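> Output the structure for:
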Amino acid sequence: WVLYNRYMTIDAQIQAEFTKAAQARANNNEGQARVCARRAAGIAIREYLARQGIRPLSTSAYDLLNLLKDDPLLSSDLKLIIDHLTLRVTEEFKLPVNADLVTEARTLCNELLK
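Model prediction:
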């Protein structure tokens, strides 16, 4: 992963995750699409924090999303997206809300990397 990370731009890494998410959806694997969406968000969050001089202890996308929940610079809309991205699925592996995590993750990435 380090080699993958070192030789690809942030945008390329994020786009690769969204491409994998689209492939997962095409294969009716919504769970994998959500994982890819979270990973894309994690890449954007790491870059967002790095631009602020913050080096988080964890590289986990889930941990980074939780870290960002308290960021006073983020709009309530972005905080809602972060909430959706950190929701646990039900026993039927469905989200407890009606949300498209891939689309929401893309919005989050775009806003964080402006």
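
> chain center to stretch 28-42, what's the gap?
Chain-centre distance of stretch 28-42: 8 Å, with C-alpha atoms, centre = their mean, to the nearest Å.

> Now do the buried residues in that stretch.
By neighbour count with 16 or more other C-beta atoms under 10 Å, stretch 28-42 contains the buried residues 30, 33-42. Backbone N, C-alpha and C define where each C-beta goes, glycine included.

> same deal with stretch 68-86?
By 16+ other C-beta under 10 Å, the buried positions in stretch 68-86 come out as 68, 74, 78, 81-82, 84-86.

> which residues does Leu65 contact?
With contacts defined as C-beta atoms under 8 Å, 6 or more residues apart in numbering, Leu65 is in contact with 38, 41-42, 45, 82, 85-86.

> run the last query once more with 7 Å
41, 45, 82, 85-86 (C-beta atoms under 7 Å, 6 or more residues apart in numbering).

> if we can go back for a sec, mind listing which of the buried residues of stretch 28-42 are in helices?
30, 33-42 (DSSP state H).

> for these, which one is nearest Thr19?
Ranked by distance to Thr19 (C-beta to C-beta), these are led by Cys36 at 8.4 Å.

> Next one: the closest one, what pLDDT does it get?
As predicted, Cys36 sits at a pLDDT of 96.

> Contacts made by stretch 87-96 with the rest, please.
Against stretch 87-96 from outside (C-beta under 7 Å, 6+ apart): 31, 97.

> cool, stretch 33-49 as well?
With contact meaning C-beta under 7 Å, 6+ apart, stretch 33-49 is reached by 10, 13-14, 17-18, 20-21, 24-25, 56, 61-62, 64-65, 68, 85, 101-102, 105, 108-109, 112-113.

> can you check stretch 68-78 too?
Among residues not part of stretch 68-78, those counted as contacts by C-beta under 7 Å, 6+ apart are 45, 79, 82, 108, 111.
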